[in-house]
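> With the sequence up front, the predicted model follows.
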Amino acid sequence: MDNGLVKGKVSICVVNYKTEELTRICLKSIRANTDYPDYEVIVVDNDSGDASLEYLRSLKWIRLIERHGDVPKGGSPAQGTALDIGLKNACGEFFVAMHSDTFIRRPDWLDFLLGRLSDGACAGSGKLDLKPEWQKTLKRFTDLRGLLRFIAGGRRNSFYIRAICAIYRTSVLLEENLGFAKNTDKITCAKQLYLDLLGKNCRCNAISSAEMSRYVYHLEHATMASNPELKVRKRTRTKYRKALDKVMASPEIQRIKSMPD
């Protein structure tokens, strides 16, 4: 390709920060459950300095980028700047941003994302919330913080394509000078990118939570809740551990864990 990107190739970027257990399963799930013929995996480490970094250094099939001392404070700024580093180092026509607490479930997941991308600039889902509809409705009516934001002039429960597992056309982001880190001190990583793409009249294809979850599993807030250095409510940590134990005991995760690195 004229822009130096490899036609048809997919660059998958995962950000790691002291989450060896999650990152290990995420990467194993990619390797075990990807049938797509031409892809690369870029892992950006946010100055972990622990066993997770040693594990990543041992993998010969990934491209590891280590950050040392230049990582912004806070989850979204750190995640966003790391994804931008991955984007600048990507050689694929397509770029997939993925959380380290996202696990691949089906070998045709990249074919699915590419099909949903079509001729658009990006494709992905919002929050992967698979609660029953009555629980979602109840939360909408009892979400006090969301109501206060709405009263203050914000949009309540506004949709945007999240970087849980989203695919982008690499050339569009590079040519338009767009990235994941913009405005992350105020809003969640990838939200401003979605708004900027819409502002440039780029097509952004939304995938429903139910459809996306057939291909990937996202353990919500696991990365933050599993790291004692990050300030997370005790209730959130307890909820994460309960959900994590359930997922780790499932046959599909046990199968992935048994796969070689």
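Cool, got the structure. Numbers count the residues shown, from 1 in each chain.

> Buried residues, stretch 107-123. List them.
By 16 or more other C-beta atoms under 10 Å, the buried positions in stretch 107-123 come out as Trp109, Leu110, Phe112, Leu113, Leu114, Arg116, Leu117, Gly120, Ala121, Cys122, Ala123. No exception for glycine: its C-beta is placed from N, CA and C like everyone else's.

> Closest one of those residues to Val41?
Closest approach to Val41 among these (C-beta to C-beta): Leu110, at 11.8 Å.

> contacting residues for Thr34?
For Thr34, the contact set (C-beta atoms under 8 Å, 6 or more residues apart in numbering) comprises Ile104, Pro107, Trp109, Leu110.

> what do you get for Val172?
Ala121, Leu178, Leu197, Cys202.

> low-scoring pLDDT stretches of the protein, where are they?
Residue ranges of the chain with pLDDT under 70: 1-2, 129-157, 220-232.

> As a check, name the ranges of all strands in it.
Along the chain, the segments classed as strands by DSSP state E run 6-16, 39-45, 63-66, 92-98, 102-104, 122-125, 165-169, 204-207, 216-218.

> which residues touch the third one?
Yep, that's strand 63-66 we're talking about. Contacts of strand 63-66 (C-beta under 8 Å, 6+ apart): 40-45, 47, 53, 56-57, 85-86, 89.

> In helices, which of the contacts of Val172 fall?
Leu197 (DSSP state H).

> With distance to Lys186 added, can I get the contacts of Val172 in TSV?
Listed next are the contacts of Val172 as TSV, based on distance: C-beta to C-beta, whole Å:
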residue	distance to Lys186
Ala121	23
Leu178	17
Leu197	18
Cys202	22
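
> Go through the contacts of Val172 and name the one nearest Arg162.
Among these, and counting by C-beta to C-beta, the member closest to Arg162 is Leu197, at 13.4 Å.

> Based on its surroundings, how many neighbours for that closest one?
Residue neighbour count, defined by other C-beta atoms under 10 Å, stands at 23 for Leu197.

> What separation do you get for it and Ile253?
Noted for Leu197: a distance of 33 Å to Ile253, by C-beta to C-beta, to the nearest Å.

> before we move on, what about Val43?
As judged by C-beta to C-beta, Val43 and Ile253 stand 20 Å apart.

> In terms of neighbours, single out the busier of those two.
Comparing Val43 with Ile253 by neighbour count (other C-beta under 10 Å), the higher total belongs to Val43, at 24 against 19.

> Hmm, Tyr55 and that one touching each other?
No: between Val43 and Tyr55 there is no contact, the gap being 10.2 Å when judged by C-beta atoms under 8 Å.

> what do those two both touch?
Shared between the contact lists of Val43 and Tyr55 (criterion: C-beta under 8 Å, 6+ apart) are residues Thr23.

> all helices of the chain, in order?
Counting by DSSP H, the segments of the chain that form helices are 20-32, 51-57, 75-89, 109-117, 133-142, 144-151, 170-175, 191-199, 209-212, 222-225, 234-248, 251-257.

> Ok, which of those helices comes nearest Met98?
The stretch from the helices of the chain with the least distance to Met98 (C-beta to C-beta) is helix 20-32; that distance is 7.2 Å.

> could you check the angle strand 92-98 makes with that closest one?
Taking axes from the mean of the first three to the mean of the last three C-alpha atoms, to 10 degrees, one finds that helix 20-32 is oriented at 140 degrees with respect to strand 92-98.

> any idea how far helix 20-32 is from the chain center?
Here helix 20-32 is found 13 Å from its chain centre; the criterion is C-alpha atoms, centre = their mean, to the nearest Å.
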